[in-house]
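Asker: Could you work out the structure for the sequence below:
(chains A and B)
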Amino acid sequence: MPGEIVMKWFIGGDLLRFLPEIVLTLAGTLLMLLDPVLGSRRPAAFGHLTIAALTAGIAGAVVAYWNGGLAFGGMLRVDAFATFFRILVLGAGILTVLPSYSFLKRQQAESGEFHALLLFSIAGQCMMVAANDLIVIFIGLEISSIASYVLAGYLRDDKRSNESALKYFLLGSFATAFFLYGVAVVYGCTGTINLSTVHALLAVGGSSEAALLGAAAGLMFVGLGFKVSAAPFQLWAPDVYQGAPTPVSAFLSAGPKAAAFAIFLRIFMTAFAPLGNAWEPLVWLSALASMTIGNFAALRQTNLKRMLGYSSIAHAGYVMVALTARSDTGIAAAMFYLAAYAFMNIGAFAVVSHISGRGETRQSIDDLAGLGQTQPLTAAMLGIFLLSLIGVPLTGGFFGKFYIFKAALESHLVWLTVLGLLNSAVAAYYYLRLLVAMYFRDPAAGAPEVEPLTPAFRAALILPAAGTLLLGIFPSFVLDFAARSAALLK
Amino acid sequence: MSPNLLPVLFIPLAGFFFALFLPRRSPEASRRFALAVSLVAFVVSLGLLMQFDRNAGGEQFVLDAPWIASPRIHFAISVNGVSLWLVLLSTLLTPICVLISWRSIRSRAKEFYAFLLLLEFGLIGVFLAQDLFLFYVFWEVSLVPMYFLIGIWGHDRRIYAAVKFFLYTMAGSVLMLAAIIYLYNKAHTFSYAAILNQLSAGELRLDSQEQMLLFLGFFVAFAIKVPLFPLHTWLPDAHVEAPVAGSVMLASVMLKMGTYGILHFCLPLFPNAARQCAGWISTLAIIGIIYGALVAMVQPNMKKLVAYSSVSHLGFVVLGIFSFTQQGLDGAVYQMLNHGISTGALFVFVGLLYERRHSLEIADYGGVATAAPWLSTAFLVTALASIGLPTLNNFVGEFLVLQGTAIAHFSFAVWASLGVILSACYMLWLYQRVFYGVAVEEVRSHVTDLRTREWAAVVPLLVLMVWMGVYSLSFLPPVSRVTAQVLAQSEVNVPYRVAVPARAEVSRAR
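Answerer: From the prediction side, this is the model:
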């Protein structure tokens, strides 16, 4: 019997639609097996294999898209939206692996385990973003999260890394529990866990359980709000980002966050869309609070990773503005922004991992002093990432912000737009501090020399910078795809 | 070959990219390269002037290419009789800035000249853009190189000044961005011309509250840039801390972004709001004129003195624009160009003195006239031009502005003319303290007269001061065509909203 089902999936193309997850899981398992064999002899091979697997995963996502549709009895839904996010998290994975070569070497922590965990985490995210069913979402979320918890504590001799992992795990499992509770309530009320069915039930209206379903939506909002580090569930972000190994922080701020936003969009824009008027004020408040808390707290930080942690809360706030708009433009804007954010933020974290040195001791803004003179390329690339994070035109960050606030104004969210834009002017201040340190100060006397650039690290800088500029100057390519998939989502 | 604006815009940008790949070790190569590029751009812009049809109004050399499909954003550029002069001002001052930075910029020369060229690109783009989104892009792009110019090559408090400059401008411009997006959502286009057409055809209607908020969104961004009192506090810091070339570009061209923006966007797009606000904006402008002049008078620092005199002079420009008369608008535009030339020249001279004596304090000088007679004479001409002596350029502009203001509101003109008198006080007093008297030892031994390279930088400005002062017909007619159009546009859709203020009727009758 099971053989027959597999045959049916094979013929029906269900397996093709699941290709990225299959590739990543196989590659991850292979890396675990290879760990004792390759071990200390050729540690760089793990990185190469991971990049190959992620590239194959992107190819798999494209193949899956060509054969798009429902899979496994409607549990998975491979559409343009899912493909966009699959490629996004896979790309974020590649951008994470590139700087981790030199990072792992410097921390003397090279092993296949790191890469395998990364692949598993990304596999979970790929599954989340294509899920059409609350249980599949939950499974994907757990696969992604558990691998991420371990990754945050990957440097097991480092106290901060341990603390980071513990905090992330404890708060994260609470959040997932909230989410699961919400799923249970939905099932209890409607007897289904399929998003399309929930939507159909709610759209008809008059459901006696509307209030209970609203509570379920609230519970899911708590769980997902935690995953995307939106206020008031943002407290963990600075601690975790500061303590985790820097490439992992980069990854956490891009991959899992994008995937969590993807399911946020799917659940709230499809299943719970009929309850929109009820949850909109909540998201409105959360958006404003995230932007304000993130930006104002970041003003006072001196530790680079902590500052980027707070800034990631603020950026989550911008994406929440797009969600508040509750429109196709809003969805597309959120998607575009997450792509731009992945480029610029991973790039910025990569530079931090580069300068922070052995044992990650050099992480303060002062450690950037004079980088413009000692390492012009690194400084210039960080300059591009920072200008993009500020939102200066011709960068992806600007266009993303522009598009988000355009969506918000279309939905008549004038106050949120004005406050959000003023927030981004406040944010300019703390990003400028890094530019000031790099370019306007001279290198501190006696500061250890910054390591020379390796080819992999050069790619880790130039690729995201090129992506940032490309999204800023020719956004149409990504934007049109995002807009198309947003229109098909509902 | 039909005239094309792309070369003048993209030569500086190409220069920026090439400059980045010049050898770090040879500052000489960077200087020569930047000079060559900026001169080529200048020659190309002169070519535009030759081909420009002075008798036709409206936008010329229109280029419109789709850039981003959705939302529909076009790469639309063109020039009119006002923006052409501002483009020329930018292309003229960039080589001058290269020349005067020749010796003063020693460290990281390559990056300096690269940023200078990027700045030129941004400034020219601001004056050419005819798509609101594109305008915003250039507006912000010009901010970045100036930030670095001040922050890297400035004086002691450069970091504070650079950050303040960036944040002030950013805070203003995000509101402008909100206004631009709002306008797009209403009009479904970023095209300036299309929005104007919709307005005059009555297809796009903004109620008076909408119009007022949008006007303020744009106006605050421009007013910060101008700067209009009380938003001017970033300016003295930025000017004093910037390197000479930065001060020159900032005063001569960058401040004009604000006044150009008011003229080009605020008046035609939101005529009613502009007219409603004219009273208090003119009042602020007059406060700026008098306050700037008074504060300039007590400055012990030459650069700060010139910076505050800018606040005063730009007040005239704003006053002229909000008089809503032909003379006032003409005078305002003329004054924009005049200020670019004479204040630019003042900063050049202050920079030359600093290069010699390494001080900006007026008290450290005295008797420069005996040590450097030619430098002193050239400075005197510039100072007199700045005061508004007849036969020199500022006189024409200030006269027109005051005339226009007097037509609209006589008492405003009376108050504003106080500023003219005060400018004579602070300028002549400055001249007296720096150039007359007995030369102290440091001045005698260090302050040498103008060198050939410095002459080359200064002469074009002096020639223009006299030319613009005695024969304004070479410059004004194309300006008047545009300002007449702006004036007409600023009345065209009045009937759709509130009643026309009585004053506008008076000025139209004339």
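Asker: residues near the closest residue to A:Leu422 other than its chain neighbours, how many?
Answerer: Excluding the flanking residues, the one nearest A:Leu422 by C-beta to C-beta, 6 or more residues apart in numbering or on different chains is B:Val174, at 6.3 Å. Every C-beta, even on glycine, is put in place using the N, C-alpha and C of the backbone. Neighbourhood size, B:Val174 [other C-beta atoms under 10 Å in any protein chain shown]: 26.
Asker: Contact residues of the stretch 251-400 of chain A facing chain B?
Answerer: With the criterion set to C-beta under 8 Å from any C-beta of the partner chain, the stretch 251-400 of chain A comes near chain B through A:373, A:387, A:390, A:392-394, A:398.
Asker: Among those residues, which has the minimum pLDDT value?
Answerer: The lowest pLDDT within those belongs to A:Gln373, with 85.
Asker: Just name whatever secondary elements whichever strand or helix holds that one is in contact with.
Answerer: For A:Gln373, the enclosing helix or strand under DSSP states H and E is helix A:371-374. Helix A:371-374 makes packing contacts with helix A:376-390 when contacts are defined by 3 or more C-beta pairs under 8 Å, 6 or more residues apart in numbering or on different chains; DSSP states H and E.
Asker: just checking, next helix/strand downstream of the helix it packs on?
Answerer: helix A:396-410.
Asker: in the helix or strand that that following helix is followed by, what's buried?
Answerer: Helices and strands here follow DSSP H and E; after helix A:396-410, the next one along the chain is helix A:414-435. Neighbour-count burial for helix A:414-435, counted by 16 or more other C-beta atoms under 10 Å in any protein chain shown, picks out A:416-418, A:420-435.
Asker: picking that back up, state the mean pLDDT of the helix or strand hosting the residue nearest to A:Leu422.
Answerer: Taking DSSP H and E as the criterion, the element that holds B:Val174 is helix B:158-187. Averaged across helix B:158-187, the pLDDT comes to 89.
Asker: If I take that helix and helix A:376-390, what angle do their directions form?
Answerer: If you take axes from the mean of the first three to the mean of the last three C-alpha atoms, to 10 degrees, helix B:158-187 sits at 50 degrees to helix A:376-390.
Asker: Could I get the contacting residues of B:Tyr436?
Answerer: Residues near B:Tyr436 by C-beta atoms under 8 Å, 6 or more residues apart in numbering or on different chains: B:366-367, B:369.
Asker: okay, the helix holding A:Gln373 in PDB with CA atoms only?
Answerer: Output of helix A:371-374 as PDB, limited to C-alpha atoms (Å, rounded to 0.1, in the frame of the first residue of the first chain):
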ATOM      1  CA  LEU A 371      38.200  50.800   8.100                       C
ATOM      2  CA  GLY A 372      37.800  53.100   5.100                       C
ATOM      3  CA  GLN A 373      41.600  53.400   5.000                       C
ATOM      4  CA  THR A 374      42.700  50.000   6.100                       C
END
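Asker: How far does that helix sit from its chain's centre?
Answerer: From the chain centre to the centre of helix A:371-374 is a distance of 30 Å (C-alpha atoms, centre = their mean, to the nearest Å).
Asker: Please apply the same query to stretch A:98-117.
Answerer: Stretch A:98-117 has its C-alpha centroid displaced from the chain centroid by 20 Å (C-alpha atoms, centre = their mean).
Asker: Tell me the buried residues in it?
Answerer: For stretch A:98-117, using 16+ other C-beta under 10 Å, the buried residues are A:98-104, A:106-107, A:109-117.
Asker: From start to finish, how long is that stretch in a straight line?
Answerer: 16 Å (C-alpha to C-alpha, to the nearest Å).
Asker: got it, and stretch A:294-313?
Answerer: End-to-end distance for stretch A:294-313: 5 Å, by C-alpha to C-alpha.
Asker: if we look at that stretch, which residues are touching it?
Answerer: Outside stretch A:294-313, the residues that touch it by C-beta under 8 Å, 6+ apart are A:229-231, A:234, A:237-242, A:246, A:249, A:253, A:257, A:290, A:293, A:314-317, A:345, A:348-349, A:352, A:356, A:363-368, A:389, A:423-424, A:426-427, A:429-431, A:434.
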